[in-house]
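Trainee: Any chance you can model this:
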Amino acid sequence: MTTTDSGTWQRRTAKGGKHLGFCLGDELFAIDVYVVREIIERQRITRVPRTAHHVLGLINLRGKVIPVVDLRRKLGLPDNHDDDRARIIVVEVQGVRTGVLVDGVTEVLDITAEEVEVPPHMGEGADMAYLLGLAKIKDAVFLLMDLEGVLATDDVIELSRLSGLTLE
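Mentor: From the prediction side, this is the model:
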């Protein structure tokens, strides 16, 4: 969501450009590559007590403490990561570096504006706020994720607090 000059909220929409494709289960997602800093294999995560269920903990990435969020949990999907394919995508959202755990990374996509569609209305109770749009590429549909929307303000505050911790 962004604000307009009049101060009202307006839903962000996806545009064409380069996106990183990844999967959660059988579903394909993509995020703008501008937020991606690197992709690493899953590694040991230090758990931190009394954090949100979807915050897995912290990793030590070349001396920097990075909090890690499980996107499956954040989106209400069941835990079921295949550790061989699972990856941590290190992103920077609202000035905070965060790792997001996904089931696998597929490819970098060059999505044209013509390939992007507005998400359809899915009925009452469907939370589509994290979607910027859909991209039909070849025979697949990628859900274009609003990572800033997924990692809402409360999460960013908690994650920035966690990234200030040190690991032994």
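Trainee: Can you pull out the low-pLDDT segments for this protein?
Mentor: Within the chain, the set of residues satisfying pLDDT under 70 comprises 1-15, 81-82, 121-129, 153-156, 165-168.
Trainee: Run a quick neighbour tally on V108.
Mentor: 12 (other CB atoms under 10 Å). Using the backbone N, CA and C atoms, a C-beta is placed for each residue, glycine as well.
Trainee: quick one, what contacts it?
Mentor: Contacts for V108 (CB atoms under 8 Å, 6 or more residues apart in numbering) come out as 18-21, 33.
Trainee: And the helix or strand where it lies, what's buried?
Mentor: Using DSSP states H and E, V108 sits in strand 104-111. Residues of strand 104-111 classed as buried: 105, 109, 111 (neighbour count, 16 or more other CB atoms under 10 Å).
Trainee: Helix or strand next in line after that strand, which one?
Mentor: According to DSSP H and E, the helix or strand after strand 104-111 is strand 116-117.
Trainee: Relative to that next one, what are the paired strands and their orientations?
Mentor: strand 131-137 (antiparallel) (DSSP bridges).
Trainee: How far away from the center of its chain is the strand it pairs with?
Mentor: Distance of strand 131-137 from the chain centroid (CA atoms, centre = their mean, to the nearest Å) equals 15 Å.
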